[in-house]
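# take this sequence and fold it.
(2 chains)
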Amino acid sequence: MTDLRFWRTREFGTAIVLVAMLLACEAAARTRTGSSYLFSDSVLRLFQESSFIGIAAVGACAVILSGGVDLSSGSVMGLSSVTLAVLATKFGWPAIPAVAGALAFGSMIGLLNGLLVGYGKLPPFIATLGFYSIARGLSFMFSDRRISIPRESALFDLLGRYSFWTMAVAGAIAALGLARISWGRYVYAVGGNEEAALYSGVRVGAIKTGIYALAGFCSALAGVSLALRYGSGYVDLGRGYELEIIAACAIGGVSFSGGEGSVVGALLGAITLQQLQNLLIYLGVPADRIEIAYGSAIIVAVGLDMLRHKNVFGRWFRRNGS
Amino acid sequence: MTKFCCAVLLAALALAGCDAGSSSSGKKKYRFALIPKTLTNEVFNYGKTAAEATAKEIGAKEGCEIEILWQAPTAADPAKQASILENLADQKVAGISV
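This is a model prediction of the structure:
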């Protein structure tokens, strides 16, 4: 069922909420400081701040589409940041190999996740929970301190400063890949009905391995970007981010039963969650309530989406008669 | 869907309206932001109490209203702290302490 009417898509609901929150910020800014919110660099910063969750959400989205979940993404972010810092400072590697090394390490963790899930038939929750700890432990092994990364090279500067472009490019590539090439169709097929996909000749194990490797790569890219943005790699980087990444996908309408959702939705989800926090801080809401609002938003968003879904089915039945 | 969109937009405007209403008082108002590393470290709570007490004291002496904004990540996270800092700087608060 492909519905081309864009206002019917799950992403549109998220986009409306995002626009509403931006307008609320605009109104608050006008009454409070008399200056505009939308036409300052705040919006650019919104993209910048949500880009780290966003980049990782690109990979997590593919994982969730396939019916799995990736709990190791936050730890892989930390691991890649430490790897980058160690390679660049202790070993004195130039920028490009250092970044490539960090990304390769993250992808390797993802690949192992994928092998365990795809061929070892481990539940994704368990396999990635294992690597959640293993990746964090590995980063501790490499360095138990915060290592500052001098942003001397152009590549470091670019990755740190323009991570929203990284998010846009990664998102565009993944969105195209999922929509236009056969691999993407297989991802949806595996998530929609794994058994059916298997009997149709889809190499489910290989597809899953690839998906988790992609998720590892995206998490590593997010970790590298975050480390370069704030100028240091450390063990604790990205702690707890895996849940925010999953939350971004949920808010963006990626279904947890697999097979439904899109990368665009996941990115919108990441931006919306960041904007929710920005708005509440802007309105002077105390920090503890922000946490409550954050959690409520996730439940409300997914709940509304489910209700809407039911409604769609109801209409379909009425139209076609029983 | 259209109803849902309208409801969301109305809610946003209502929220903004409340905000406009609450900031109307005769006295000059200053907003100071304190951004500790994390909400869960009890040591920082002394800072909050002291800041609020001092705000009241100075406010009474100078005849102005001083509001303390207390914002922090729930777990120590420099990236989130930086995000909060930039957000509050955007609001042009009178001062920020990290």
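# what residues are up against residue 86?
Because you didn't say which chain, this covers chain A. Neighbouring residues of residue A:86 by CB atoms under 8 Å, 6 or more residues apart in numbering or on different chains: A:142-143, A:147, A:233. For every residue, glycine as well, the C-beta is placed using N, CA and C.
# my bad, chain B
When contacts are counted by CB under 8 Å, 6+ apart, residue B:86 touches A:45, A:49.
# again, 7 Å this time
residue A:45 (CB atoms under 7 Å, 6 or more residues apart in numbering or on different chains).
# please, which helix or strand holds it?
helix B:78-90 (DSSP states H and E).
# buried stuff in that helix?
B:78-84, B:87-88, B:90 (16 or more other CB atoms under 10 Å in any protein chain shown).
# quick one, phi psi at the residue nearest the centre of chain B?
Centroid check for chain B by CA atoms, centre = their mean gives residue B:69 as the closest residue, at 3.3 Å. In terms of degrees, to the nearest 10, the main-chain angles of residue B:69 are phi -100, psi 120.
# ok, so what distance separates it from residue A:131?
39 Å (CB to CB, to the nearest Å).
# where does chain A have low pLDDT?
By pLDDT under 70, the low-scoring segments of chain A are A:1-8, A:309-322.
# who in it is up against chain B?
When proximity is defined by CB under 7 Å from any CB of the partner chain, chain A lies next to chain B at A:7-8, A:13, A:16-17, A:20-21, A:23-24, A:27-28, A:31-33, A:42, A:45, A:49, A:226, A:230, A:239-240, A:278, A:281-284, A:286-288, A:291.
# and those, which are buried?
A:13, A:16-17, A:20-21, A:23-24, A:27-28, A:31-32, A:42, A:45, A:49, A:226, A:230, A:239, A:278, A:281-284, A:287.
# sorry, back to before: which of the contacts of residue A:86 has the most neighbours?
residue A:233 (32 neighbours; other CB atoms under 10 Å in any protein chain shown).
# looks like that residue contacts residue A:82 (just checking).
Yes - applying CB atoms under 7 Å, one finds residue A:233 in contact with residue A:82, separated by 4.9 Å.
# picking that back up, the buried residues of helix B:78-90 also near chain A: which ones?
Applying CB under 7 Å from any CB to the buried residues of helix B:78-90, one finds that B:78-79, B:82-84, B:87-88, B:90 fall near chain A.
# go through stretch A:124-134 and flag the buried ones.
For stretch A:124-134, by 16+ other CB under 10 Å, it's A:124, A:127-132.
# show me the helices in chain A, by range?
A:10-32, A:42-65, A:73-85, A:95-118, A:124-142, A:154-161, A:163-180, A:182-192, A:194-199, A:204-230, A:241-251, A:263-282, A:287-320 (DSSP state H).
# which among the ones you listed is found nearest to residue B:37?
helix A:287-320 (12.3 Å; CB to CB).
# most tightly packed of the helices of chain A?
Stretch with highest mean neighbour count among those: helix A:73-85 (a mean of 31; mean count of other CB atoms under 10 Å in any protein chain shown).
# gap between that helix and the chain center?
Relative to its chain's centre, helix A:73-85 lies at 15 Å (CA atoms, centre = their mean, to the nearest Å).
# between it and helix A:95-118, how many degrees?
150 degrees (axes from the mean of the first three to the mean of the last three CA atoms, to 10 degrees).
# how much does helix A:73-85 deviate in direction from helix A:42-65?
Interaxial angle, helix A:73-85 versus helix A:42-65 (the same axes, to 10 degrees): 120 degrees.
# check which helices and strands helix A:73-85 sits against.
Counting contacts by 3 or more CB pairs under 7 Å, 6 or more residues apart in numbering or on different chains; DSSP states H and E, helix A:73-85 packs against helix A:42-65, helix A:95-118, helix A:124-142, helix A:204-230, strand A:232-233, helix A:241-251.
# CA-only coordinates of it in PDB, if you can.
Only the C-alpha atoms of helix A:73-85 are listed here, as PDB (Å, rounded to 0.1, in the frame of the first residue of the first chain):
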ATOM      1  CA  SER A  73      24.800   2.400  19.400                       C
ATOM      2  CA  GLY A  74      25.600   4.700  22.300                       C
ATOM      3  CA  SER A  75      28.600   2.600  23.300                       C
ATOM      4  CA  VAL A  76      29.800   2.400  19.700                       C
ATOM      5  CA  MET A  77      29.700   6.200  19.700                       C
ATOM      6  CA  GLY A  78      31.900   6.300  22.700                       C
ATOM      7  CA  LEU A  79      34.200   3.600  21.400                       C
ATOM      8  CA  SER A  80      34.700   5.400  18.000                       C
ATOM      9  CA  SER A  81      35.400   8.700  19.700                       C
ATOM     10  CA  VAL A  82      38.100   7.100  21.900                       C
ATOM     11  CA  THR A  83      39.500   5.300  18.900                       C
ATOM     12  CA  LEU A  84      39.700   8.500  16.900                       C
ATOM     13  CA  ALA A  85      41.300  10.300  19.800                       C
END
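# about what we covered before: show me the contacts for the residue nearest to the centre of chain B.
With the criterion set at CB under 7 Å, 6+ apart, residue B:69 makes contact with A:284, B:31-34, B:88, B:93.
# can you tell me the closest non-neighbouring residue to residue A:45?
Among residues not flanking residue A:45 along the chain, residue B:86 sits closest, at 6.0 Å (CB to CB, 6 or more residues apart in numbering or on different chains).
# got a pLDDT number for the one you found?
We have a pLDDT of 87 for residue B:86.
# now swap in residue B:34 and tell me
For residue B:34, the predicted pLDDT is 90.
# could you report the neighbour count for residue 72?
Since you didn't name a chain, this refers to chain A. Using other CB under 10 Å, residue A:72 is surrounded by 29 other residues.
# that's the other chain; I wanted chain B
Residues lying near residue B:72 (other CB under 10 Å) number 22.
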